[in-house]
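Colleague: Return atomic coordinates for the entry below.
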Amino acid sequence: MNEKLWRVGTTYIPVFNVETSSEWYVHNLGAELNYRDKDKAILNLADQSIFLVASQENETSNFRDKHGKEHFSLTFEVNGLHALEVMHQDFTEKGMHVGEIESRGHAGKNFVFSDPDGNTFDVWSELSPSFKEKYFR
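Modeller: Alright, predicted model coming up:
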């Protein structure tokens, strides 16, 4: 087989109230709302299509590892430590649930934040080299 997967096009995120959640993503993360009905919202965010899907209460995209620690399933990248710090401060000022900026023993720093439904996401201060090559020549 000579074909390959080129990119992730869509991420699906479970939410309890599609209208409330989509407004939160637009207001707090700068997402662009493309479509919304009672069962789903389609957003553009970070060069990707995000579907917010009406789900049962307390359903999240998080998972537990073999040690029982809860993990996020998605990491966003920003361009450098300063951008990470500015975003962390902005999220904090908006009253979002935000973790501390931390070093995890690899390049760059990270912090974790959650949406109102408890979906947890990571933000990393380093853009991937292939992305930089493509967009920052």
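Colleague: what's the distance between residue 5 and residue 83?
Modeller: 28 Å (Cβ to Cβ, to the nearest Å). Bear in mind the C-beta positions are built from the backbone N, C-alpha and C, glycine included.
Colleague: How about residue 49?
Modeller: Residue 49 is 23 Å from residue 83, by Cβ to Cβ.
Colleague: do residue 89 as well
Modeller: From residue 89 across to residue 83, the span is 11 Å (Cβ to Cβ).
Colleague: How about residue 2?
Modeller: Look at residue 2 and residue 83: by Cβ to Cβ, they are 38 Å apart.
Colleague: give me the number of residues near residue 121?
Modeller: 18 (other Cβ atoms under 10 Å).
Colleague: In this structure it contacts residue 76, no?
Modeller: Yes: the criterion here is Cβ atoms under 8 Å, and residue 121 meets it with residue 76 at 6.3 Å.
Colleague: Quick one, grab the pLDDT at residue 1.
Modeller: Residue 1 carries a pLDDT value of 68.
Colleague: what's the answer for residue 13, then?
Modeller: Looking at residue 13, its pLDDT is 98.
Colleague: That one: neighbouring residues, count only.
Modeller: Burial of residue 13 is recorded as 22 neighbouring residues (other Cβ under 10 Å).
Colleague: What of residue 93?
Modeller: Residues lying near residue 93 (other Cβ under 10 Å) number 9.
Colleague: Ok, residue 120 next?
Modeller: Neighbour number of residue 120 under other Cβ under 10 Å is 19.
Colleague: Okay, strands next: where are they in the protein?
Modeller: 10-15, 32-36, 40-45, 48-54, 63-64, 70-71, 75-77, 97-98, 110-114, 120-124 (DSSP state E).
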